[in-house]
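Trainee: Using only what follows, build the 3D model:
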Amino acid sequence: MILFVDSLTVIDFSYLCPRRGAVGESWITDIVLHGDLNAESMVLDFAKVKKQIKQIIDEKLDHKLAIPSALSANTKHTNGRFELDLHIGDSHLAMSAPEQAVCMIEGEEVNEVNTIAYLKSVILPHLPDNVKDLDITLRPEATSGFYYHYSHGLKKHDGNCQRIIHGHRSLIGIKLNDVSMPRLQKQWADKWQDIYLGSEEDLISSAELKHIVAEEGDYAFAYTSSQGYFELAISKLRCDILPCDTTVECIAEYLAGQVKLQHPNDHVQVRAYEGVGKGAIAYA
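Mentor: Here you go, the predicted model:
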């Protein structure tokens, strides 16, 4: 017997790519369970599927930085903390964070295939004996619009968004006088492709870093939140500094203000997304 759940959840996370650096991603997750009927004449109660499997995905991958095992030589794991330091092309990235902010995935790089293998390995042991196998599909949102991949950290958030490198694949909509402007949408999508969005108030000097070392041409960030102390050093080439928090509400407001500077006589509307099917709208 086969049981399926389409769009069980959306995984919002970032992964390290040996070519692109930290890449924010959002994957819609579909699952298929193969098994025998239990005493309730079910493979598994839908309520348990949605709660149990989603909870495991949230714990093991969602809002984390996923690192391919091929880069493990650039990492260090001691006393409940995880540190990495690596060069990607002409850019540098170093991070120190509590261990729950990252996960390691087997392979040369993080992709749908080895991420599915990782998820199956952590989910199957928790399913009842009548469930014999699990299929997982990870897919980006189908769209013809413009989007960008971004990573960030929200120190004021009381949940997992506080992790200093996690991210999203996000659509962007911009209108002038209620008319959609694909040119402006593409301009910002290109500008912020594979970007780290940092908050100005989290910037520190390189000398203030405690666990990692910044290189010339890096921005340095640090903050303490409820999950612990986080540090990041990242090449300025892969980072944009916002004079505000990097919540989707603030991102939408910031973009609206920037577009307004270019078009002062027009009514501006920005529709910014945080992953799939959610976001904020700002006007200027």
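Trainee: CA atoms only for stretch 124-132, dumped as PDB, please.
Mentor: C-alpha atoms of stretch 124-132 as PDB (Å, rounded to 0.1, in the frame of the first residue of the first chain):
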ATOM      1  CA  LEU A 124      13.000   5.900   8.600                       C
ATOM      2  CA  PRO A 125      14.300   4.700  12.000                       C
ATOM      3  CA  HIS A 126      11.400   6.700  13.700                       C
ATOM      4  CA  LEU A 127       8.600   5.200  11.600                       C
ATOM      5  CA  PRO A 128       6.600   2.100  12.700                       C
ATOM      6  CA  ASP A 129       7.600  -1.400  11.500                       C
ATOM      7  CA  ASN A 130       4.700  -1.600   9.000                       C
ATOM      8  CA  VAL A 131       6.300   1.300   7.000                       C
ATOM      9  CA  LYS A 132       8.800  -0.400   4.700                       C
END
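Trainee: Now do the buried residues in it.
Mentor: In terms of neighbour count (16 or more other Cβ atoms under 10 Å), stretch 124-132 has its buried residues at Leu127, Val131. (Glycine included, C-beta is placed from N, CA and C.)
Trainee: hmm, who's touching that stretch?
Mentor: Leu33, His34, Gly35, Asp36, Leu37, Asn38, Val43, Leu44, Gln52, Ile56, Asp133, Leu134 (Cβ atoms under 8 Å, 6 or more residues apart in numbering).
Trainee: Can you tell me the closest non-neighbouring residue to Leu86?
Mentor: Once flanking residues are discounted, Leu86 sits nearest to Asn74: 4.0 Å by Cβ to Cβ, 6 or more residues apart in numbering.
Trainee: In this structure that neighbour contacts Phe82, no?
Mentor: No. Taking contacts as Cβ atoms under 8 Å, Asn74 lies outside contact range of Phe82: 11.5 Å.
Trainee: More neighbours: the two, which one.
Mentor: Legend: neighbour count by other Cβ atoms under 10 Å for Asn74 and Phe82, higher for Phe82 (20 against 15).
Trainee: What backbone torsions are found at the more buried one?
Mentor: The phi and psi torsions at Phe82 (degrees, to the nearest 10) take the values phi -120, psi 130.
Trainee: Quick check: bridge partners of it?
Mentor: In this entry, Phe82 is beta-bridged to His77, Ala97, by DSSP bridges.
Trainee: contacting residues for it?
Mentor: Thr75, Lys76, Met95, Ser96, Ala97, Pro98, Glu99, Ala101, Val102.
Trainee: per-residue confidence at it?
Mentor: With respect to pLDDT, Phe82 has a value of 97.
Trainee: One more: Pro128?
Mentor: Per-residue confidence at Pro128 stands at 88 (pLDDT).
Trainee: ok, now Val131?
Mentor: 87.
Trainee: Cheers, nothing more for now.
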